[in-house]
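**Student:** Okay, sequence plus prediction incoming.
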Amino acid sequence: MAKRPADRYASARELLADLDALDPTAVTRSLVSAPTAAARAQLSAPTSSSPSTATIAPPSLNERPRLQKRMVFGALGLVALGAVGALALRKPAGRLRRAGAVATQGRAPWGRRPITEDPPPSSANAEALRAYSEGLRASRDGARELALERYTRAAQLDPGLAAAHLRIALERGVERGRESFLRALGLRGSLDERDRALLDAMAAAYTETPTDFAAASARLAAVAQRFPDDVQVLSTLGRVQGEHDLRASVASYQRASAIDPGHVPARSAMADSLAYLGDLTGARRALEECLSVSPSATACLREQVLLDLAVSDCAAVETRTRRWLLLSREGGAALRFLAYGLVGQGRSLDAVRETLVRARAAQAPERRAQSEQEDARALATLEGDLAEAARRGEAVEALVEPGRAEGDHATAARALALILEEQGRAEEAARVAQRFLERRDAWETDPRTDDRSLERDPTQALISVRLRAGALTATAAQAQRAARRQWWERRQSALPEVGGFLWIAQHAAGAETPAEARAALEALPRFGGLPPYALQPSMHVDAVVGRTYLLAGRPMEALSPLTRAATSCYALRFPVEQMRAVRDLGVAREATGDRAGACEAFKRVVDRWGRATPRSVTAEDARARMLALGCG
């Protein structure tokens, strides 16, 4: 019996009305498996132990959730229990509901608190709930790889745990998270009110191509009105706004951080938005604040590494990734970035090779075979064994052949075509390019229209490969270039900061003559100018920009981007493009009267590829230029 009169039923009719409205499936499930208040506290409270080893006691089966209003008389209670039993017998199992909802009727479960204190989802599997809770803690701490591992484990233990599928989709993003999102959509009825609202709002992002971030942003803003102090909602809103309205995304992340200063994803993503706005100082300040609040926040360390990569500070990349490795067992990404830093500083390729072996060991098993071939392709290219690099490139193409994602085929085709072209095998390179271009529309296009999806499109580069090989006339090349540019401009995001990347990928990357380069530069203001930084690019952005200025007869303006390209930490990603950028830097220095600097750049190319097998056309050109300049 409730002690307060306000908590008692006024009559048996009121009690029976409430009982008649109950879903017997939810009541029965709550009696068997719903976590109690004490168990909820155990599930959500952060502990000092590692998220991967934390032990959370399952809810006691002896503790029973109660109806919010309690019976006035014992006999009436017996009637109520009998009614529940009768309802369970006569009603079929309806849509699954949150068991916890029975215990929280009339009380809003969402408020100003960390995501780890949100009510747990419904599941009869205590181990699945434990894994899900560990995933929430990892998400809040910015340990993305660990969070994905725990959410995936939760979904394996309870395939009907819709909340786990939704969190996997949110962590993976729209390109890689569609399958999980669709699973959550199929289980929508078992989500709580907040998560259903999130799912419905994000449908425009996960189920449409191209992704309609503007629509998703508007719907999420409405969800934020319903749940104004919810960290999960605000953080998701900021992420979507980051593809549509960078300043609005910063504001949403600031609101989320104010509610929960320890919510690492909001702080790290806010730094990303600030960097795209050109505020590198503000981005670094946000990351320092993040690490002061949470010194082990690997997501913020990762963002710092991306900023270091953007400005070609390879020594800082090494320092931060080593700290990252000390703080987290998420070694895969950190070790790969460490390899980038080592290559950028000219360290031994044997050390780089060993680092990459360790990085692959931390990868998901299904990704290792492709990564092994990609790494071998890059290392062979850097070592000048271009014949081996071509063999590895062909192996990568074979591995991605069954895949549906256009991006995987694009990366493989561009790398192989450039390696073949570097050996003087222009006709074979042209065939690789043609094979990709003719089949491109059969694959799944990246649903986004952001900088990375723009950079990943190799169309302009592969048209150039065919043009240089004589497999395409200038008129045909021009028509194909124009068609692809129009296709992208129809898809382009409303995000103004993406305009510069559209110019780089579709205009600068397609300039092959001085006239084309001048035309591209004349069009640049229409796209908002050059972007301030490229974070984790999918093409060698500075190399493309520098070459365009050089080709247009503006070598002084080419020096800055070519210097960044030549000293970039991304040689493992773009080995051919980087060596060509070093050669172009030598040409720009020569044109501006810096003979010593030109000789140094040309010598660097010859040192790397002078004894390449079977040959390197870039090294041959650099050697000829050294002779012409009389370099010692």
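**Tutor:** Received it, and whenever you're ready, just let me know what you need.
**Student:** ok, and Ala248, which helix or strand is that part of?
**Tutor:** In the assignment (DSSP states H and E), Ala248 maps to helix 246-259.
**Student:** got it, and Pro265?
**Tutor:** helix 264-276.
**Student:** chain center to that helix: distance?
**Tutor:** 13 Å (CA atoms, centre = their mean, to the nearest Å).
**Student:** and if you look at stretch 217-236?
**Tutor:** With CA atoms, centre = their mean, you get 21 Å for stretch 217-236.
**Student:** got the end-to-end distance for it?
**Tutor:** Terminal residues of stretch 217-236 are spaced 9 Å apart (CA to CA, to the nearest Å).
**Student:** Now that stretch: buried residues?
**Tutor:** Residues 217, 219-221, 223-224, 227, 229-236 are the ones in stretch 217-236 that count as buried (16 or more other CB atoms under 10 Å). The way it works is simple: take the backbone N, C-alpha and C, and place the C-beta from them, glycine included.
**Student:** ok, now stretch 547-560?
**Tutor:** Neighbour-count burial for stretch 547-560 [16+ other CB under 10 Å]: 547-552, 554-555, 557-559.
**Student:** quick one: which of those residues is nearest Gln506?
**Tutor:** Thr548 (12.2 Å; CB to CB).
**Student:** contacting residues around the helix or strand that contains the closest one?
**Tutor:** Using DSSP H and E, Thr548 sits within helix 541-551. For helix 541-551, the external contacting residues (CB atoms under 8 Å, 6 or more residues apart in numbering) are 455, 501, 504, 508-509, 511-514, 516-517, 520-521, 530-531, 534, 555, 557-562, 564-565, 568, 574, 577-578, 580-581, 584-585, 587-588, 591.
**Student:** Tell me the first helix or strand C-terminal of that helix.
**Tutor:** Counting by DSSP H and E, what follows helix 541-551 is helix 555-566.
**Student:** Which strands and helices lie in contact with that next one?
**Tutor:** Contacts defined by 3 or more CB pairs under 8 Å, 6 or more residues apart in numbering; DSSP states H and E place helix 555-566 against helix 541-551, helix 575-591.
**Student:** Next, format these as JSON lines and append distance to Glu489 and mean pLDDT.
**Tutor:** Below are the helices and strands packed on helix 555-566 laid out as JSON lines (distance: least, CB to CB, whole Å; pLDDT from 0 to 100):
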{"stretch": "helix 541-551", "distance to Glu489": "18", "mean pLDDT": "97"}
{"stretch": "helix 575-591", "distance to Glu489": "25", "mean pLDDT": "98"}
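**Student:** Spit out the contact partners of Arg392.
**Tutor:** Contacts of Arg392 (CB under 8 Å, 6+ apart): 373-374, 376-377, 380.
**Student:** again with Arg196
**Tutor:** Applying CB under 8 Å, 6+ apart, the residues contacting Arg196 are Arg188.
**Student:** if I look at it, how far off is Leu187?
**Tutor:** Counting by CB to CB, to the nearest Å, the separation of Arg196 from Leu187 is 10 Å.
**Student:** Could you do Trp487 as well?
**Tutor:** To Leu187, Trp487 is 36 Å away according to CB to CB.
**Student:** What of Gln373?
**Tutor:** Noted for Gln373: a distance of 37 Å to Leu187, by CB to CB.
**Student:** neighbour-wise, which of Trp487 and Leu187 wins?
**Tutor:** Neighbour totals were compared for Trp487 and Leu187, and Leu187 leads with 19 against 14 (other CB atoms under 10 Å).
**Student:** neighbours around the nearest residue to Leu559 once chain neighbours are set aside, how many?
**Tutor:** What sits nearest to Leu559 in space, not counting adjacent residues and going by CB to CB, 6 or more residues apart in numbering, is Ala588, at 5.4 Å. For Ala588, the count of nearby residues is 27 (other CB under 10 Å).
**Student:** Ala588 touches Glu557, doesn't it?
**Tutor:** No: the criterion here is CB atoms under 8 Å, and Ala588 misses it with Glu557 at 9.1 Å.
**Student:** remind me which residues of this protein are low pLDDT?
**Tutor:** Filtered on pLDDT under 70, the chain yields the residue ranges 1-111, 329-330, 493-495.
**Student:** I'd like the next helix or strand past the host helix or strand of Leu338.
**Tutor:** Element membership for Leu338, per DSSP H and E: helix 331-344. Per DSSP H and E, the first helix or strand lying C-terminal to helix 331-344 is helix 349-361.
**Student:** So which elements touch that next one?
**Tutor:** By 3+ CB pairs under 8 Å, 6+ apart, helix 349-361 packs against helix 331-344, helix 365-383.
**Student:** Now for Gly529: which residues touch it?
**Tutor:** If a contact means CB under 8 Å, 6+ apart, then Gly529 has Gly500 as its contacts.
**Student:** how far away is it from Trp503?
**Tutor:** Taking CB to CB, one finds Gly529 at 9 Å from Trp503.
**Student:** a strand runs through Leu146, doesn't it?
**Tutor:** No: counting by DSSP: H, G, I helix; E, B strand; the rest coil, Leu146 is located in no strand; its state is helix.
**Student:** Count the residues that sit near the residue nearest to Glu512 when sequence neighbours are not counted.
**Tutor:** Nearest residue to Glu512, sequence neighbours excluded (CB to CB, 6+ apart): Ser464, at 5.5 Å. Ser464 is flanked by 21 other residues according to other CB under 10 Å.
**Student:** Please name the residues that touch Ser464.
**Tutor:** Applying CB under 8 Å, 6+ apart, the residues contacting Ser464 are 477, 509-510, 512.
**Student:** most neighbours, which of the residues you listed?
**Tutor:** Ala509 (29 neighbours).
**Student:** could you measure that one against Val174, distance?
**Tutor:** 24 Å.
**Student:** With Gly424 instead?
**Tutor:** 41 Å.
**Student:** quick one: which of the two has more around it?
**Tutor:** Here Gly424 and Val174 are set side by side on neighbour count (other CB under 10 Å), and the busier one is Val174, at 25 against 15.
**Student:** Name the SS class of the more buried one, please.
**Tutor:** helix.
**Student:** these two touch, right, it and Ala203?
**Tutor:** No: taking CB under 8 Å as the definition, Val174 is not a contact partner of Ala203, at 10.9 Å.
**Student:** do you know how far the residue nearest to Leu277 when sequence neighbours are not counted is from Leu148?
**Tutor:** Setting aside the residues directly before and after it, Leu277 is nearest to Leu246 in space (CB to CB, 6+ apart), at 5.3 Å. Per CB to CB, Leu246 is found 26 Å from Leu148.
**Student:** and the end-to-end length of stretch 116-125?
**Tutor:** End-to-end for stretch 116-125, by CA to CA: 19 Å.
**Student:** Also stretch 488-502?
**Tutor:** End-to-end span of stretch 488-502 (CA to CA): 8 Å.
**Student:** any idea which element the closest residue to Arg625 other than its chain neighbours lies in?
**Tutor:** Among residues not flanking Arg625 along the chain, Phe602 sits closest, at 5.3 Å (CB to CB, 6+ apart). If you go by DSSP H and E, Phe602 is part of helix 595-609.
**Student:** Taking their axis directions, that helix and helix 575-591 sit at what angle?
**Tutor:** Counting by axes from the mean of the first three to the mean of the last three CA atoms, to 10 degrees, helix 595-609 lies at 160 degrees to helix 575-591.
**Student:** Only alpha carbons, please: show the following helix or strand past helix 595-609 as PDB.
**Tutor:** For helix 595-609, the following helix or strand on the C-terminal side (DSSP H and E) is helix 617-629. Provided in PDB are the C-alpha atoms of helix 617-629 (Å, rounded to 0.1, in the frame of the first residue of the first chain):
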ATOM      1  CA  VAL A 617      59.500   8.200 -65.500                       C
ATOM      2  CA  THR A 618      59.400  10.800 -62.700                       C
ATOM      3  CA  ALA A 619      63.000   9.900 -61.600                       C
ATOM      4  CA  GLU A 620      64.100  10.100 -65.200                       C
ATOM      5  CA  ASP A 621      62.700  13.500 -65.500                       C
ATOM      6  CA  ALA A 622      64.200  14.700 -62.300                       C
ATOM      7  CA  ARG A 623      67.600  13.400 -63.300                       C
ATOM      8  CA  ALA A 624      67.400  15.200 -66.600                       C
ATOM      9  CA  ARG A 625      66.500  18.400 -64.800                       C
ATOM     10  CA  MET A 626      69.500  18.000 -62.400                       C
ATOM     11  CA  LEU A 627      71.800  17.700 -65.400                       C
ATOM     12  CA  ALA A 628      70.300  20.700 -67.000                       C
ATOM     13  CA  LEU A 629      70.800  22.800 -63.800                       C
END
